[in-house]
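can you look at this prediction? I've put the sequence above it.
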Amino acid sequence: MSLSRNLYALTLLVTAVFLVSLIPASLPASGQTAHTFTMTPSTQTLSVDRGLTGSFTVKIVNNGTKNLTVDLNATGELAKVAKFSNTNATLTPGANATVKVTVAPDKWIATGDHALTISATNRSAPTDKVEIAMPVHVSLPKNQSPNIGYFFLALLPLIIVLIGIAVFKQSGTTMAFVGLLACIILAVAAFKTPLDTTLRASVYGFIKSFGVSVAVIATMFMVFLMGEMGLLKIISAAVKKLIVGKENMALFMGVGFGSFLTCLGVVTPALFPPVLVAMGFAPAAAVAIAVLGYNATTSFALLSIPITLPAEAGKLDPILFAYKISLFLPVISVGIAVTILWMVGGKKSIIKGFPAALVSGLALAFACLGFSYIDLKAGSQVIPLSLIGVLAGLISMGVLVIYQKIVPPKPDKDEEKDKKSKKDKDVKEPVYSKQQIIRAFSPWIILTILATIVSVPAVGKVLKELPGSAEIIKIWDNKPIDLDVFNQIYFWIFIAILISIVVLRPTKEQLTKTTKTWLKRMWSPFLAYSIYFCISYVMAFSTMTTASGNLLVPTSATEFASYNMNNILGATLAAAFGIGFIFVAPTLGLFGAVVGGSETGSNVMFLGIQQKASVNIGLKFDQFMTLYGAHAAAGGIASAITPAKINNATATIGETSKLEAQILRKHLAIAVILTIVTSIMTAAFVSVGL
């Protein structure tokens, strides 16, 4: 590595600190807005502007001729997060009272197609009651331009990572550490975050990543063992016999089989590259298929955790969320399928395989859309949400096999030439019995059975309760982390490995070689996934501190609204684009998934931002859900350019950072195009009420 590359990280960090010094020491504080509430037994009015933030005052004036005794209180979500001073007052004619209302914006969660309500009741005449729909959200002060400097500083960790990989050809793991260091420095220097908070947030993110990072290394051990035992060659031969042509094989493995396994919880970037290389694909194509194939159904990955987890956090209907995401899949899934063809063989493969790409992509998308629509209309999970992606993957594979029988692919000249060469050299393709093929697939069959059993809600509930409080870790007392080990897919991957070892009986030499290879290659993807989660939580917990009782709280309501890195990103975009934010919203999904390393992290991290921005621009709840569905769909697209996933895929076949950079550059263009298309669809869907 050259000296200039070694100094790359230091140069960018110094630049970041220099940029901080150029920005004013503080952002203008969010101003309070006075609201006059005039009330007599016959007249009731309350004028409230949009754009409230932090705290505000309500002034009550008695313009009548009789004494008024008034209670001021909140209903809905505001009642849970607001603090009132002087909550009741007895007013003589002409007198007034001022009530200060303070809201903790980081705690507010909008639910339903309504804003928040403040009510004032005359206790002398209880029937005289005034209510007003009043959105409370994080926003920039009125008549103030967005602070572009802080916006770009919040983006800087991601910019550093992408430039480091794509331009300087650094590995995803190296840039993860550089990005985290930059994020910590910026959080402390520019975003009013104590160093202790950033370090704790890093530990918090590291532990939260286990659901993905440990699953990655578990999958790697499984695939290395299968490779060492020669099982991948048998699987390769079986797929080649079932599917004809490299284009169809790429679609079958990537779109269909990739979605099926990913939705069960298997990490395909760790699993597929060695299999695909064994099938004859070039390393770049193998990585592309493994990283791209499942992108359309990323929301349904890990038994739909990217849907259910944020839905639970935001008190949203997971079925409605799944349906809104599925609206975007017909276009996205076909786009992903065509991209796979491009990565496999360029324009030639696109022309040859486009009909198959259309068939497999639409089958996957309409399966998800149809199943989620059935659940939505039924008002319950007739088809378990956790299995929608699994079933869609199976359907895509089945439809492609049927299509191939109806429309056999034309012989490829290169493939025909290769077959003729083998025939001339009297090279015979190996023939495997059904028993050998089943044996080769047995680790995946075992894992599929285990994952299906665990997906049953009753089973999951029992497994969740087994360890009790023993698996709960408290970095902060109000932010406990439940490891939920027995419900995590990595636990069952390891169980599947142990069962497979008993069933397959590998030799001591095979186990030794597998372990050595695993220990050599596991650290890079494990650390990459873990550190990107750390970055995600440092950003999410910026402008927060540890209060007495070991509680994580905002440094202050006003500072959190003005300086939190995620709030700045969302609020600046909303302020800068206005109603045009509808076109920009999906980019937050793309950004969040790249930084956090997963769609789940992005959906959770940006839920509040998308809600607040939607309220700012006047969207109804159903329109917000469409916007949030687009956010999730774009988060799936981001898998194509997530450094941790590309690093993971290249590590399984022993490739270098040079291939990582090549893949990232090519995928970046596709991700941007698909996100722009998603943005256009978002605006259209919001306009027509979908």
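Received it, and whenever you're ready, just let me know what you need. Numbers count the residues shown, from 1 in each chain.

and the longest helix that the chain contains, what other elements does it pack with?
Longest helix of the chain, by residue count under DSSP state H: helix 329-378. Helix 329-378 is packed against helix 246-251, helix 283-292, helix 318-326, helix 388-406, helix 621-637, helix 657-688, with contacts defined by 3 or more Cβ pairs under 8 Å, 6 or more residues apart in numbering; DSSP states H and E. All C-beta spots, glycine's among them, are computed from the backbone N, C-alpha and C.

mind checking what helix or strand follows the fifth one in sequence?
In this case it means helix 621-637. Toward the C-terminus, helix 621-637 is succeeded by helix 643-652 as the next helix or strand (DSSP states H and E).

what mean pLDDT does that next one get?
For helix 643-652, the mean pLDDT works out to 82.

which secondary structure elements does that helix contact?
In terms of contacts (3+ Cβ pairs under 8 Å, 6+ apart), helix 643-652 is packed against helix 148-166, helix 172-189, helix 210-228, helix 268-278, helix 283-292, helix 523-540, helix 657-688.

what angle do the shortest one and helix 643-652 make?
Right, helix 283-292. 140 degrees (axes from the mean of the first three to the mean of the last three Cα atoms, to 10 degrees).

ok, now which ones touch the spatially most central residue of the chain?
The centroid of the chain falls nearest to Glu599 when counting by Cα atoms, centre = their mean (1.5 Å). By Cβ atoms under 8 Å, 6 or more residues apart in numbering, the contact set of Glu599 is 298-299, 301, 306, 589, 593, 632, 635-636, 638-639.

okay, now the spatially closest residue to Pro269 that is not a sequence neighbour: neighbour count?
Nearest residue to Pro269 in three dimensions, chain neighbours excluded: Ala649, at 4.1 Å (Cβ to Cβ, 6 or more residues apart in numbering). Ala649: 30 surrounding residues under other Cβ atoms under 10 Å.

Ala649 and Pro274 touch, don't they?
No. Using Cβ atoms under 8 Å, Ala649 makes no contact with Pro274, being 10.0 Å away.

which residues do the two both contact?
Taking Cβ under 8 Å, 6+ apart as the criterion, Ala649 and Pro274 both touch Ala286.

tell me the contacts of the closest residue to the residue nearest to the centre of the chain other than its chain neighbours?
Spatially, and ignoring its direct neighbours in sequence, Glu599 is nearest to Gly635 (3.6 Å; Cβ to Cβ, 6+ apart). Residues in contact with Gly635, defined by Cβ under 8 Å, 6+ apart, are 298-299, 306, 589-590, 592-593, 599, 602-603.

and if we set it to 6 Å?
Gly635 makes contacts with 589, 593, 599, 602, as judged by Cβ atoms under 6 Å, 6 or more residues apart in numbering.

quick one: which of those residues is most hemmed in?
Busiest of these [other Cβ under 10 Å] is Ala593, holding 34 neighbours.

verify the contact between it and Ala638 for me.
Yes. With contact defined as Cβ atoms under 6 Å, Ala593 reaches Ala638; the gap is 3.5 Å.

gap between the nearest residue to Pro274 once chain neighbours are set aside and Ile497?
Spatial nearest neighbour of Pro274, chain neighbours left out: Gly227 (5.3 Å); criterion: Cβ to Cβ, 6+ apart. Distance check for Gly227 against Ile497: by Cβ to Cβ, to the nearest Å, it reads 14 Å.
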